[in-house]
Structure formats: structure tokens, C-alpha cells
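Asker: Next comes the sequence, and after it the predicted model I'd like to discuss.
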Amino acid sequence: MGAFDFIGRLINGLLLPGSGGAAFPTDFLQIEPLKTDFEKAWIEINPARGTSYRVYAHVHRPSGGECGTKYPAVVIVPGGGSCGTDYDGNTEVTAEDVASLGFVVLHYDPCGRGKTRSAEDFWGPKHREELSQVVDYLSTLTDVDSKDVGILSFSIGITTATGMLSECPPKNCKVKYLFDWEGPSNRINITKNDTHKPLKDYPCSDDAFWKEREAVRFIGQIECGYFRYQAENEHMQGTFKGHAVELLNEAAAGKALWSRCNDNPPDIQYDIDKQNSYYWIPEHLNHKGQILKYLLEIHKY
């Protein structure tokens, strides 16, 4: 099994219980979903170094909008070794779910995955430069409000998202917020201290590899809002909260416009020794309805 196949195993267990393929949570959100359409797109990527290539993407949007209507927009950054097209189907939240709220939503196959050619970069410099140009593409669509563009990252997608926002932000728009669904902070919790078998070929001692792939190195430099979704018992780290606390504290102490986790007060410093005093999403609320509820809230900040 090759390196990419090992990385792809990270998506095992990524789905929330009962969320894959679940219907739009009308009762939970107390709103009716909008009808949506989607189209395929190929986005030209021109890296600072190397050969240009095209990224395969889908763009979902509300159906039948009046001419001139501008919608808020979201780019989905996939977790693990996932393809963006996975978000058409059995994922925590689908692109259609988000578009049903009144957003234009873009999800894409990062290089080395799905229909996008070029080499896999495992959430590194090439992936973040690529994401920057993907966000730029979305912001220039005629039905997108370029002042209301957010990023929704899943799991280790936080590494690509924070790296992009700190190192090579989009040129055509300013990202309004970063919504982080249970992303890891550093090489220790990503590899589970070198015990996570899918990453056995990337030990923590490989500094050249990991110094480009730790969200904690980047998050203090992001200038948009930062929202953290954190369950009491999460998809990869169980009841461990150190990664969430590390990212939240660095964001609050850094350049972020604001930071918040779940329903806790904004812009606070978290004490890992008092983690029971904070609100983490309980099992009965850990579903797509809760994710969509928070997305609706923070995009209005």
C-alpha cells in the first residue's frame, strides 16, 4: 500500500453517527431547505513554482435566484486524504446541505486526489497555495458576495486552511471566517505520538515534513474569525481536548479577528486543567444540524 493509501485511511471513522446521508435537519434548524443546483468546474492553478494544473470542483448554489442576487459563499476543505467530491454524499455535512441554507458552496479535489492531477502534497505548501487560488475563483463568481466568503475545514483540513490564510491568503477577497471541525493542532496529536499506523512513514522526528503541516504554527497569523467545533467525544482524539485548547489559545492571542468554540464565550484563553468547565458538544447534539446551526450564526458576525 502506497503513502497516499495510508493517508487516505485517516478518513476512516470520520462520519458522525447517523449523519452520513441523513436528511436536511429541518426540525432542528426550524427552517425549510432551499432547492439547489450544482455545476462542475475546472480551476486553473498557477503555482509560484512548478507547472500549472487544473483542479476539479463542484459548485452548489440555491436554485432560481434572481439576476443580480449575491450569496454568501463557503469553500469546503476536505479532511484526511479525502476528495472534495466526497462532500456530494456521505460526509458529516454535504455541500448541498450548506447550499440549502442560502450559500454558494465550492468543494474540490486537492492535487493528487480524485480527478485533479499533479502530486499529492499531504496538506503542505502546494495544497495551501492551491486553496488560495480556489478561494479566489469562488470569490469572483457573479452570484457570490466577495465580502462574505468563509472556509469550512474538516479534521486535518485545518492544516491546509491555516497554512493558506497565514502564508498565501487570497488576492481577490478577504476571508471572513474559518470554521474548524475538530482539526488536529500538531504532529503529536496527528500521529498520536507515532502510534497511528496510517502515518508510520511520517514520524514526529521528520521535522522537514511536519514543520510545514502543523496548524498551531500558522493559526496565530490568521486575520479572519476562527470558530472551533469540538465534540465531547470527537472523531479522532476521543475525549482529548489539548489540540482544541492549543489552537483556540493561539488564535485568541494572535491576529484572529475573533475566536470562539461552541457556545463558550468568545476570545477567551482555555485552561486544559479545567476543561470540564467549558461547553463541548454532547453526543446527542453531535450531528449535522448542530454544525449547520453554528455556520449560520458565525457567517452573520
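Answerer: Yep, that arrived. Numbering: from 1, shown residues only.

Asker: all contacts plus neighbour counts: C-alpha atoms, from now on.
Answerer: Will do.

Asker: Help me confirm that E129 comes into contact with S52.
Answerer: No - using Cα atoms under 8 Å, E129 is not in contact with S52, being 11.8 Å away.

Asker: same question for stretch 250-261, mean pLDDT?
Answerer: If you average the pLDDT over stretch 250-261, you get 98.

Asker: rewinding a little: so what sits against both of E129 and S52?
Answerer: The contact sets of E129 and S52 do not overlap (Cα atoms under 8 Å, 6 or more residues apart in numbering).

Asker: the more surrounded of these two?
Answerer: Neighbours were counted for E129 and for S52 using other Cα atoms under 10 Å; E129 has more, 23 against 11.

Asker: if we look at the helix or strand encompassing the more buried one, which residues are touching it?
Answerer: Taking DSSP states H and E as the criterion, E129 maps to helix 125-139. Outside helix 125-139, the residues within contact range by Cα under 8 Å, 6+ apart are 43, 45, 47, 73, 75, 106, 110-111, 121, 144-146, 149, 160-161, 163-165, 168-173, 212.

Asker: Restricted to helices, list these.
Answerer: 160-161, 163-165 (DSSP state H).

Asker: just these now: which is nearest L199?
Answerer: Distance to L199 across these (Cα to Cα) is lowest for T160, with 17.3 Å.

Asker: Would you mind measuring the gap between the ends of stretch 43-55?
Answerer: End-to-end span of stretch 43-55 (Cα to Cα, to the nearest Å): 5 Å.

Asker: buried set for that stretch?
Answerer: Neighbour-count burial for stretch 43-55 flags 43, 45, 53-55 (criterion: 16 or more other Cα atoms under 10 Å).

Asker: can you give me the offset of stretch 162-171 from its chain's centre?
Answerer: From the chain centre to the centre of stretch 162-171 is a distance of 14 Å (Cα atoms, centre = their mean, to the nearest Å).

Asker: For ChimeraX, what selects the buried ones among the contacts of helix 125-139?
Answerer: A single ChimeraX command selects the buried members of the contacts of helix 125-139 (16+ other Cα under 10 Å):
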select :43,45,73,75,106,110,111,144,145,146,149,160,161,163,164,165,168,169,170,173,212
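
Asker: if we can go back for a sec, and which of the buried residues of stretch 43-55 is nearest to G64?
Answerer: Set against G64, the nearest of the buried residues of stretch 43-55 by Cα to Cα is I43 (24.3 Å).

Asker: Sketch out the helices for the protein, chain order is fine.
Answerer: Going by DSSP H, the chain shows helices at 3-8, 26-29, 95-99, 125-139, 157-167, 187-191, 207-210, 242-253, 288-299.

Asker: Out of those helices, flag the one nearest Y177.
Answerer: Taking Cα to Cα, helix 288-299 is the member of those nearest to Y177, at 7.4 Å.

Asker: buried sites along that closest one?
Answerer: 288-292, 294-295, 298-299.

Asker: chain center to that helix: distance?
Answerer: 13 Å.

Asker: who touches it?
Answerer: 16, 19, 24-25, 28-29, 92-93, 98, 101, 148, 150, 176-177, 179, 227, 229, 262.

Asker: Stretch 240-255 too?
Answerer: 182-186, 189, 215-216, 219-223, 226, 228, 230, 233, 258-261, 267-272, 275.

Asker: Of these, select the buried ones using a ChimeraX command.
Answerer: To isolate the buried subset of these in ChimeraX, counting by 16+ other Cα under 10 Å, use the following:
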select :182,183,184,185,186,189,215,216,219,220,221,222,223,226,228,230,233,258,259,260,261,267,268,269,270,272
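
Asker: picking up where we left off before, now the contacts of helix 288-299: which count as buried?
Answerer: 16, 19, 24-25, 92-93, 98, 101, 148, 150, 176-177, 179, 227, 229, 262.

Asker: Low-confidence stretches in this protein?
Answerer: Low-confidence segments of the chain (pLDDT under 70): 1-21.

Asker: nearest residue to the spatially most central residue of it other than its sequence neighbours?
Answerer: Centroid-nearest residue in the chain: S153, 0.4 Å away (criterion: Cα atoms, centre = their mean). Of all residues not flanking S153 in the chain, V77 sits nearest, at 4.6 Å (Cα to Cα, 6 or more residues apart in numbering).
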